[in-house]
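In: using only what follows, build the 3D model:
(chains A, B and C)
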Amino acid sequence: MSTITTERADHPAAAVRDPAEKHRRIKAVVVLTLVLALLIFFALDAKAKTVKYILGERVSQEFPTKELSAGPVAWACVAIVAVALVLAALNLLRKQSVAIPVYFLAGLVFYFGFMIWEFRDQGGAFQAAISNPLPGTIAIATPLILGALAGVMCERAGVINIAIEGQFLVGAFLASVFASLIFSAFAGLVAAVVGGVLVGALLALFAIRYQVNQIVVGVVLVAFASGLTAFLVNQIPASGKGKEYLNQPPILNKVAIPGLSDIPLVGQALFTQTALVYLMYVAIVAVPFVLYQTRWGLRVRSVGEHPQAADTVGIKVNRVRWQAVLAGGGLAGLGGAYFTVGSSGSFDQDISNGQGFIALAAVIMGRWHPVGATLAALFFGFMWNLQNQVGLVGKVPNEFLGAAPYLATIIAVAGFVGRVRPPAADGEPYVKG
Amino acid sequence: MSETESPEAPAPARREPAWMSLLPTVRMTLLSIAVALAFGAVLIAISDPRVVGADSFGGALKGLGSAIGGSYWALVTGSIGSWAAFVDTLTKAAPLVCAGLGVTLAFRAGLFNIGAQGQLVLGAIFAGYVGFAMDLPVGIHLVVAVIAAGVGGALWGAIPGLLKARTGAHEVITTIMLNYVGGSLLLYLLTNVSAFGRAGQLNPRSRPVDASATFPTIFSIHIGVLLAVVATAVVWWLLERTTLGFQMKAAGANPLASRTAGMNVPRLYMYAMMIAGGLAGLGAAMTVLGQRLSLTTSFAGSLGFDAITVALLGRATPVGTLLAGLLFGALDAGGVQMQAGQGTPIQLTEVIKALIVLFVAAPAAVRGLLRLKGKAPGTTMEAKGWGG
Amino acid sequence: MQLEIRGLTKRFGSFTANDSIDLTIEPGEIHCLLGENGAGKSTLMNMLYGLLEPTEGGIFIDGKPAHFLTPADAIKAGIGMVHQHFMLVPVFTVAENVMLGREQLKSFGRLDRKAAAERVRELSSTYKLKVEPESLVESLPVGVQQRVEIIKALANDAEVLILDEPTAVLTPQETDELMEIMRSLKARGTSIIFITHKLREVKAIGDKITVIRRGKVVGTAPPSTSEAELAEMMVGRAVNLTVEKDPHPPGADVLSVKGVTVIDSRGATVVNDVSFTARAGEVLAIAGVQGNGQTELIKTLMGLIKPTAGTVELDGEDISQHGPRRSLEAGIGYIPEDRAHDGYVGSFGVDENLVLDQFRNPEFSSRGILRLDAIARNARKTVEEFDIRTETIKSSLSSLSGGNQQKVVVARELSRPLRVLIASQPTRGVDVGSIEFIHKRIIEERDRGTAVVIVSTELDEVFALADRIAVMCDGRIVDTVSPDIQREEIGLLMAGGGTHE
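Out: Predicted structure coming up:
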């Protein structure tokens, strides 16, 4: 057969411009114009004043308060975004390798401009300083990243996982109980993984074995996990021996990695963290590796895209799906450990506060890709941390900043992610024959 | 493959009255409830201090009996044991039924509306504002407040409908996000806007609703409860008797075929979500104007989430939703008594609710547990992916 | 190797899909399995490939019994299968698809993609199956995807290759090339089971022909058997392969398509400057290989896709911007290509599906309220008239057989006055009895003075119905010809050769 006659010209001529690309360009210009307008407002409002900042998370001997003059920095931010806007308008950002760094820089610069505006000119004796957002972001993003990776794992195998929140809760609860009982935070981590796997097993049982609508199972499992953990924690006495033995876990210590933790600006933030955070780093590397470089990963993706095709080459579709759902459950359970042994200690009713749903949003914003999901989760972590950072200053009502990540998700899903393709067989149970 | 090779003419079956076809469904639902209660009993048994804290085996057994028996008896007496308890059940059920109907309606149109919570919040904000900030004559005040609640919910429901219609953004994500945004909005209004807030309170709480905007009561049942029954009938009529309902169901079952048949599917999504939001808003009116009489950040509790489970338990049918709402209302009312009288945490009812829905959604699981034979009734909850 | 099937039976509940089938495939033989849609060919092959478990009977390889519980067992035994719907993961590369299930690894458990690509190249040069191992499957044309499927089977050292309706998606030229490949496989000792319902192909390539009807082997025949005899064996009665049709003088232009161009969301030009007219009382058939823009063209006629350029005029008025509702109300009847996809609502009853695009008609609703009695009356009448086999008028469409589902769609569109009838693959996957019935109704509609536009990839159907044939290739209408043209010529046009370019 000659390929020449049969291959269709899918992109006949460059003369026909891709309408999607045109839309993208218009969106970029509109967004950048808005950013520029806000930055100019910030700069005008902040001229000739100084702002305090620190390179660490809070003021300490190591990280003294420093000052910068707001005006020049703000105008520098304006200049950078103006350049980005010109580039976008001239359609010079077609290549992803150029566009992504430019947009990232624009975002970063917007953040600086906003922070300068927020922290300028504070009255009163106590002057808050802009702190390094990295340590807080990493900490807050830990469960989100693990949960999002768990979601990617399940959905790549073709099982929708709305139950991440439930896996968080059971993981957090078991982590607290077992860490308290054995008096070891690490025992808590193990128990958290087991908890997540258990919820994953329920998800798999109902989604794969009984073929129930997976969104329904997920929602119900969240209700179940929330009710169950709340019921059980209420049966534990709130003080005394009962609490001490069952819900007063030791908290993971922060461990500095020699060498790496001395890197200026980011070392402290990234490499003086708990074992849980380091496990998250491992997961960030391991999940894409497993999914894209190993035999099992290839099979997982094949059952999520075209289970019949996998079946016809002898892959046991439902077995692979079970494995992926359980593995994902373990990751999400580990994420749940953050809420107890990873940060604050005792378990409390609905302690994860809906963050499992945010992890789910990160899965979709990240287009079902582990790297994308991780970045989306980091973005949420960053926004929540921002809320904490400016909470004391309060120029913008806190509730608005609180709603910002959710609004951002809506805009992203509606405007930019829109009709992105999930794995082709996501949510469809596989029945032979 | 095998499906296309089914015989040409299926053998004619004996005709049965329509209600008889419901019997398997009723049986499976009752069995699901029984299995869920059994699981609940196990939970009580392994965690109640009367059992685990007993000195002897005999003591533990006795404790077991009193813990399980006591708790479940409290559940019964607290929900239907007295007129007051029954009123409590109805009062708690009414908003659940309304919000649940919203989820049901959206479900039939192929949309998974997780946004009842946010729609309730917006409905409550609108109803509350009319209730305490506007000065209207008796009678009209209440009507305007109820309508405002519906409008508020409908507006909030319209957003995911619009986004789905225009951009294909999945409603599960947008409704979840809008729940949080709604929560933030309510918090902002209660803490920062003087028309809503009462300053200097640790827990933000709005001014109380004027008496002229609250539901009057008959035999201590507020008449908002009747509205829930009316809403059920209206939703049934809409789905079964109108061209709009016909189109919504068609769009829910096969959007492509519906579009090919000349229906405007995006617009149907919009309408379905707006009506769903309006129904949730109506639920909020019952809470704010009939039950709590002022707004707090937690006024809705887990109402919005329970609305989903109510709709699922009711198999996305209006009458089923009404019955499921009553059951959940009873569990909520009884749960309070159970916690107060027996010390069994009220969250047990949440576990039982979730288990009931889980088993109803997977009849095969109940059959497996009880070793039953025979074919289970189908569910309206077929598997579906993100695509729709 | 020799493959033997003895007394193989498969029942689904009370329905017997395969009834005691015997079949022997000798080494290096091309064995044709002939049968119409729903005869049980696919069920048989799925048992042979370990996808279905036989109810009774056995499979023997070189005389020894073999049990295939999964496809893996069948693959191990040397059986390969090219499915009608390709079993390829679209987002994987060719090499990844070929390696799936038998992956080679290098250090740290990483996939050895290089080795897989090498294997693809090796097979591709041995069997002259040209394909790039690194290309993504979804970017390949169907003919090349089919080659990937064959390579996949060969990579598993298949000695018996099952080809399930392989020519349905190919141009006549590609079909010839496939037959060439089959001959070269045969020359290397591979046996082939070739499943089809196309008589011509069976005669061209088969060494032996086994005919299956209603799940039973009704006989074997040598390739020299005449087409009429084969058809009779396949259907069980003498079949009139032509449709009774009197010449009918065409009337006025009803539907004029002028310069329609459609660019899809990926920027590809799928319909390229297409113009034609459909005339009252005439059947215009649009012939072409699947995926050459017919689907998009038809959707444009219905207003389901808005054209990038050009107009669609019904009685002189441009309807291309109106959307399907206006088109339907203007008197266009539409039988869509994929009925389960966009022809009916599976969970709805027969009665509801019969008014799916008619519920606004004052007969069936007034002021937004359905008239259930009128809808039921309509259903009873139509079920009777179109001989739709259903338990009750409330039975869900998904419980009906494929032929009856299609009859519901056809009945809905034909039971109202039409100006234009657009029918896309009106008889795909339908049994012969229903095909005859549907063809008869379409011709009746023509005789009533309706302009009829048929889209079909089956040349037999095109020749049976058409008064005029427009051949489509690569988004263009390459030529419009009369139905007395030679098959070979049309085949050439379908492949893009001919008058244009």
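
In: CA atoms of the host helix or strand of B:T77 as CSV?
Out: According to DSSP states H and E, B:T77 maps onto helix B:57-80. The C-alpha trace of helix B:57-80 is given here as CSV (Å, rounded to 0.1, in the frame of the first residue of the first chain):
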residue,chain,number,x,y,z
PHE,B,57,-18.3,-10.2,78.9
GLY,B,58,-21.8,-10.2,80.3
GLY,B,59,-21.7,-6.6,81.0
ALA,B,60,-20.6,-5.9,77.5
LEU,B,61,-23.5,-7.9,76.2
LYS,B,62,-25.9,-6.0,78.3
GLY,B,63,-24.2,-2.8,77.3
LEU,B,64,-24.5,-3.9,73.7
GLY,B,65,-28.2,-4.4,74.0
SER,B,66,-28.8,-1.1,75.7
ALA,B,67,-26.5,0.8,73.4
ILE,B,68,-28.0,-0.4,70.2
GLY,B,69,-31.6,-0.8,71.4
GLY,B,70,-31.5,2.5,73.2
SER,B,71,-30.0,4.4,70.3
TYR,B,72,-32.4,3.1,67.7
TRP,B,73,-35.4,3.5,70.0
ALA,B,74,-34.3,7.1,70.5
LEU,B,75,-34.1,7.4,66.8
VAL,B,76,-37.8,6.3,66.5
THR,B,77,-39.2,8.3,69.4
GLY,B,78,-37.3,11.3,68.4
SER,B,79,-38.7,11.3,64.9
ILE,B,80,-42.3,10.0,65.2
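
In: next one: phi and psi at C:G310?
Out: Backbone torsions for C:G310, taken as degrees, to the nearest 10, come to phi 100, psi 170.

In: neighbours around it, how many?
Out: Using other C-beta atoms under 10 Å in any protein chain shown, the number of residues around C:G310 comes to 18. Bear in mind the C-beta positions are built from the backbone N, C-alpha and C, glycine included.

In: ok, now the one 3 residues further on?
Out: For C:E313, the tally of surrounding residues (other C-beta under 10 Å) stands at 16.

In: before we move on, what about C:D387?
Out: Using other C-beta under 10 Å, C:D387 has 12 other residues around it.

In: and if you look at the one 3 residues further on?
Out: C:T390 has 24 neighbouring residues, counting by other C-beta under 10 Å.

In: please apply the same query to C:I393.
Out: Using other C-beta under 10 Å, C:I393 is surrounded by 20 other residues.

In: got the contact list for the nearest residue to it once chain neighbours are set aside?
Out: For C:I393, ignoring the flanking residues on the chain, the nearest one in space by C-beta to C-beta, 6 or more residues apart in numbering or on different chains is C:A379 at 4.0 Å. Listed by C-beta atoms under 8 Å, 6 or more residues apart in numbering or on different chains, the contact partners of C:A379 are C:G349, C:V350, C:D351, C:L354, C:I393.

In: does the helix holding B:T77 come close to chain A?
Out: No. Using C-beta under 8 Å from any C-beta of the partner chain, helix B:57-80 stays clear of chain A, with a minimum separation of 10.7 Å.

In: how far is the helix or strand just after that helix from where the chain is centred?
Out: Remark: after helix B:57-80, the chain's next helix or strand is helix B:83-108, criterion DSSP H and E. Mean-position distance between helix B:83-108 and its chain equals 6 Å (C-alpha atoms, centre = their mean, to the nearest Å).

In: just checking, what packs against helix B:83-108?
Out: Packing contacts for helix B:83-108, counted by 3 or more C-beta pairs under 8 Å, 6 or more residues apart in numbering or on different chains; DSSP states H and E, involve helix B:57-80, helix B:116-133, strand B:221-222, helix B:224-241, helix B:243-253, helix B:265-286, helix B:303-313, helix B:318-342.

In: want to try JSON lines for those, with distance to C:H31, mean pLDDT and mean neighbour count as columns?
Out: Listed next are the helices and strands packed on helix B:83-108 as JSON lines, based on distance: least, C-beta to C-beta, whole Å; pLDDT from 0 to 100; neighbours: other C-beta atoms under 10 Å in any protein chain shown:
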{"stretch": "helix B:57-80", "distance to C:H31": "68", "mean pLDDT": "84", "mean neighbour count": "18"}
{"stretch": "helix B:116-133", "distance to C:H31": "60", "mean pLDDT": "92", "mean neighbour count": "30"}
{"stretch": "strand B:221-222", "distance to C:H31": "77", "mean pLDDT": "84", "mean neighbour count": "19"}
{"stretch": "helix B:224-241", "distance to C:H31": "54", "mean pLDDT": "93", "mean neighbour count": "18"}
{"stretch": "helix B:243-253", "distance to C:H31": "43", "mean pLDDT": "94", "mean neighbour count": "23"}
{"stretch": "helix B:265-286", "distance to C:H31": "48", "mean pLDDT": "94", "mean neighbour count": "29"}
{"stretch": "helix B:303-313", "distance to C:H31": "52", "mean pLDDT": "89", "mean neighbour count": "29"}
{"stretch": "helix B:318-342", "distance to C:H31": "55", "mean pLDDT": "91", "mean neighbour count": "23"}
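
In: among those, which is nearest A:L334?
Out: Among the helices and strands packed on helix B:83-108, helix B:303-313 comes nearest to A:L334, with 25.2 Å by C-beta to C-beta.

In: okay, the angle between the closest one and helix B:83-108?
Out: On the basis of axes from the mean of the first three to the mean of the last three C-alpha atoms, to 10 degrees, helix B:303-313 is oriented at 70 degrees to helix B:83-108.

In: any idea which element the residue nearest to C:I393 lies in?
Out: Following DSSP H and E, the helix or strand that holds C:A379 is helix C:372-385.

In: and that helix, average pLDDT?
Out: Taken as a whole, helix C:372-385 carries a mean pLDDT of 92.

In: same check, this time on stretch A:247-254
Out: The model assigns stretch A:247-254 a mean pLDDT of 87.

In: what about that stretch and chain B, touching?
Out: No. Taking C-beta under 8 Å from any C-beta as the criterion, stretch A:247-254 and chain B are apart, separated by no less than 13.0 Å.

In: identify the residues contacting the helix holding B:T77?
Out: Helix B:57-80 is contacted by residues B:37, B:41, B:44-45, B:48, B:50-54, B:85-86, B:88-89, B:329-331, B:333-338, B:341-342, B:344, B:348-349 when judged by C-beta under 8 Å, 6+ apart.

In: for the chain, which residue is closest to the average position?
Out: This is for chain A. Of all residues in chain A, the one closest to the mean position by C-alpha atoms, centre = their mean is A:A377, 1.1 Å from it.

In: think we crossed wires, I meant chain B
Out: For chain B, B:A307 is the residue whose C-alpha lies nearest the centre (C-alpha atoms, centre = their mean; 1.9 Å).

In: work out for me the element C:P247 sits within.
Out: For C:P247, there is no host helix or strand (DSSP H and E).

In: from B:I159, how far out is it?
Out: Applying C-beta to C-beta, to the nearest Å, one obtains 60 Å for the distance of C:P247 from B:I159.

In: the more surrounded of these two?
Out: Using other C-beta under 10 Å as the criterion, C:P247 and B:I159 rank with B:I159 on top: 25 against 5.

In: wait, does the helix or strand containing that one contact chain C?
Out: In the assignment (DSSP H and E), B:I159 maps to helix B:140-167. No. For helix B:140-167, no contact with chain C is found by C-beta under 8 Å from any C-beta; the gap never falls below 13.3 Å.

In: which of the residues in that helix are buried?
Out: Going by neighbour count (16 or more other C-beta atoms under 10 Å in any protein chain shown), the buried part of helix B:140-167 is B:141-142, B:144-165, B:167.
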